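Participant: Following is a predicted model, sequence given first.
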Amino acid sequence: MGQLIACASDAGIVVATDSRAELFEPHGEGRFITVNRLVPVTSHAVMVSAGAWEAQDVCRDFAAFAKDENLTDIEALIEAAIPFFTSRFDEVLRKMCETLPPDPIINMYLLLAGYSSTAPTNPGHLFIIWDRPKPPKIEYNRVTNIFTLPRRMGLEFSLKQLVEGKRPLSQLVGVIKSHLEKLAGLGERIGPPYHYLTITDNGIVTV
C-alpha cells in the first residue's frame, strides 16, 4: 500500500509519498519493490498513485495523454481522467487475470492534485480516484483540504489546525516529513526514498 499524504491550503498544496509497493507473484508469494508514485501532469498538477503498483504506469500514461490533448485546467483534467482510467482499469484487470486467479482485487488509488490561480479563495484542488470492484467502476471524490492513505487521523488533525491557522507551507512540509519518516520506522510497508513537493502559483517544487 505505501503511504500517500496531501494537504491543500490557501498558500498551495503539499504532497508526500514513500516509494514502497508490494508485488505478488503468480503463485501468491509477495515481495516489496520500489515505485515512483509522483508523476507531473502539467506545470501545476501531479498524479500520485497508491495501492497496486500498476497504478504508477497508469499515472504516467495519463500524463502523456494530457500533454497530447493539451489539457492544463484542473477541471478539464479530472473530466478526462475518469473515462481514461476506466479504460486502463479494464486493461490492467485483463492482464492480471492472465497470471492471477479470476477477479483479482486491484485496489488502485490515484490522487490528482492541482493548483489553479483562477480560484484565488480555494486554489488547491485534490481529487481522489479509486476502483470499486463490484460492479467494476471508477469513481472520484473532491477532497476539501486533507487526505491520507492509509488514514492517519492524528496527522490529519495536526494538519487541519495548521491550515485553519493559515500557517506557511514550509510548516506543513515539516510536520508531514516528521510523521512520514516516523511511520516508516514502525513497519516494512513504508520505505524510502521519500518524496515531498509543493504546488503553488509558481508551479511544482520538490522540497
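Facilitator: Right, received. Where do you want to start? The structure presented is a predicted model; accordingly, all values stated were derived computationally and were not measured. Numbers count the residues shown, from 1 in each chain.
Participant: Off-centre distance for the longest helix that the chain contains?
Facilitator: For the chain, the longest helix by residue count, based on DSSP state H, is helix 74-97. How far helix 74-97 lies from its chain's middle: 15 Å, per Cα atoms, centre = their mean, to the nearest Å.
Participant: what packs against it?
Facilitator: Using 3 or more Cβ pairs under 8 Å, 6 or more residues apart in numbering; DSSP states H and E as the contact test, the elements touching helix 74-97 are helix 55-68, strand 108-115, strand 124-132, strand 137-143. Glycine gets a C-beta too; all of them are placed from N, C-alpha and C.
Participant: Next, name the residue at the spatial heart of the protein.
Facilitator: Among the residues of the chain, the one closest to the centroid is Val48, at 2.9 Å (Cα atoms, centre = their mean).
Participant: quick one: strands adjacent to the helix or strand containing that residue?
Facilitator: For Val48, the enclosing helix or strand under DSSP states H and E is strand 45-51. The strands that strand 45-51 pairs with in its sheet are strand 38-42 (antiparallel), strand 108-115 (antiparallel) (by DSSP bridges).
Participant: Glu75: which of the ones you listed is closest?
Facilitator: Proximity to Glu75 (Cβ to Cβ) singles out strand 108-115 among those, at 9.1 Å.
Participant: mind exporting the helix or strand hosting Cys7 as CSV, just the C-alpha atoms?
Facilitator: Assigned by DSSP H and E, Cys7 falls within strand 4-9. Only the C-alpha atoms of strand 4-9 are listed here, as CSV (Å, rounded to 0.1, in the frame of the first residue of the first chain):
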residue,chain,number,x,y,z
LEU,A,4,0.2,9.0,0.5
ILE,A,5,-0.3,12.4,2.2
ALA,A,6,-1.8,15.5,0.6
CYS,A,7,-2.8,18.8,2.1
ALA,A,8,-4.3,21.9,0.4
SER,A,9,-4.3,25.4,2.0
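Participant: which strands and helices sit next to that strand?
Facilitator: With 3+ Cβ pairs under 8 Å, 6+ apart as the test, strand 4-9 has strand 12-17, strand 45-51, strand 108-115, strand 124-132, strand 146-149, helix 153-164, helix 169-184 packed against it.
Participant: quick one: which of those is nearest Ala63?
Facilitator: Short answer: strand 45-51, nearest of the helices and strands packed on strand 4-9 by Cβ to Cβ, at 6.4 Å.
Participant: CA atoms only for that closest one, dumped as CSV, please.
Facilitator: Extracted in CSV, the C-alpha atoms of strand 45-51 (Å, rounded to 0.1, in the frame of the first residue of the first chain):
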residue,chain,number,x,y,z
ALA,A,45,-0.7,19.4,-11.4
VAL,A,46,0.5,15.9,-10.4
MET,A,47,-0.9,12.4,-10.4
VAL,A,48,0.0,10.3,-7.4
SER,A,49,-0.5,6.5,-7.1
ALA,A,50,-1.2,4.3,-4.1
GLY,A,51,-2.3,0.7,-3.7
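Participant: Report the mean per-residue pLDDT for that strand.
Facilitator: Taken as a whole, strand 45-51 has an average pLDDT of 90.
Participant: I'd like to check the angle between it and helix 74-97, please.
Facilitator: For strand 45-51 against helix 74-97, the angle by axes from the mean of the first three to the mean of the last three Cα atoms, to 10 degrees is 30 degrees.
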